[in-house]
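Student: test case, fold it:
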Amino acid sequence: MKFVLIFGPQAVGKMTVGQELAKITGLKLLHNHMTIDLVEPFFGFTPEMWRLSSLFRREIFKTFAASDQDGMIFTYVWAFNHTEDWEAVDKMTGVFRDQGADIFFVELEADVNERVKRNKSANRLENKPTKRNVEYSERELLSSMDTMRLNSHKGEIEEKNYMRINNTKLTAEEVALRIKEELGL
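Tutor: Numbering: from 1, shown residues only. Modelled structure (predicted):
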């Protein structure tokens, strides 16, 4: 079993890279908006929505980690300056570690202008209903940079299987192939 956590700021390409990586590895993709967009229509962006989204993810992780599947790719926006995000990552990877899975961390970064452009991409808008209000989504993307640190500092991630990729000028296919090759997936 493998658990691949792809993380980075909004619109950096986590889901799109995850889709391509799933195609070439056979691993299953659970991108973070699959649970968010399930619950948001009922509760909006409220604490109850986040609680339920986390609950669904945790149950999916537990069931999947105990299965005979090859592995899962999960995407996540990790605020490194928020203790609760570190705890969430520890919990999700712990579910897989407890089942003996190999854990892989993939951090994506891209220039903010490229992220603003990607925020409007057809694939993103098709797969993430809550991102279809592009003006709001772009404001959120830009304003989050004032309060959240969404990429790690050098040496901050101490995982054995870790790689960081600046994908500003790379296609999702190129990034996925690099991940597969460098991490041996």
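
Student: what about the strands in the chain?
Tutor: For the chain, applying DSSP state E gives strands covering 2-7, 28-30, 71-76, 102-109, 162-166.

Student: just send those back as a markdown table, with mean pLDDT and distance to Val116 too.
Tutor: No exception for glycine: its C-beta is placed from N, CA and C like everyone else's. Shown next, in a markdown table, are the strands of the chain (pLDDT from 0 to 100; distance: least, Cβ to Cβ, whole Å):
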| stretch | mean pLDDT | distance to Val116 |
| --- | --- | --- |
| strand 2-7 | 98 | 19 |
| strand 28-30 | 98 | 24 |
| strand 71-76 | 98 | 19 |
| strand 102-109 | 98 | 14 |
| strand 162-166 | 98 | 16 |
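
Student: and the ones you listed: which comes nearest Ile179?
Tutor: Closest to Ile179 of the strands of the chain, according to Cβ to Cβ: strand 102-109, at 5.6 Å.

Student: any chance of the strands of the chain in JSON lines, with distance to Thr63 too?
Tutor: Output for these, formatted as JSON lines (distance: least, Cβ to Cβ, whole Å):
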{"stretch": "strand 2-7", "distance to Thr63": "13"}
{"stretch": "strand 28-30", "distance to Thr63": "11"}
{"stretch": "strand 71-76", "distance to Thr63": "11"}
{"stretch": "strand 102-109", "distance to Thr63": "18"}
{"stretch": "strand 162-166", "distance to Thr63": "26"}
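
Student: by contact count, what packs against the worst-scoring helix or strand of the chain on mean pLDDT?
Tutor: Least confident helix or strand, the chain: helix 122-127 with a mean of 82, by mean pLDDT, DSSP states H and E. Here helix 122-127 touches helix 14-25, going by 3 or more Cβ pairs under 8 Å, 6 or more residues apart in numbering; DSSP states H and E.

Student: so which elements touch the helix it packs on?
Tutor: If contacts are counted by 3+ Cβ pairs under 8 Å, 6+ apart, helix 14-25 sits against strand 2-7, strand 28-30, strand 71-76, strand 102-109, helix 122-127, helix 172-183.

Student: can you pull the buried residues of the least confident helix or strand of the chain?
Tutor: Neighbour-count burial for helix 122-127 flags Arg124, Asn127 (criterion: 16 or more other Cβ atoms under 10 Å).

Student: list the buried residues of stretch 127-141.
Tutor: Counting neighbours by 16+ other Cβ under 10 Å, one finds that the buried residues in stretch 127-141 are Asn127, Lys128, Lys131, Ser137, Glu138, Leu141.

Student: from Glu48, how far out is the third one?
Tutor: Yep, that's Lys131 we're talking about. In this structure, Lys131 and Glu48 are 20 Å apart, going by Cβ to Cβ, to the nearest Å.
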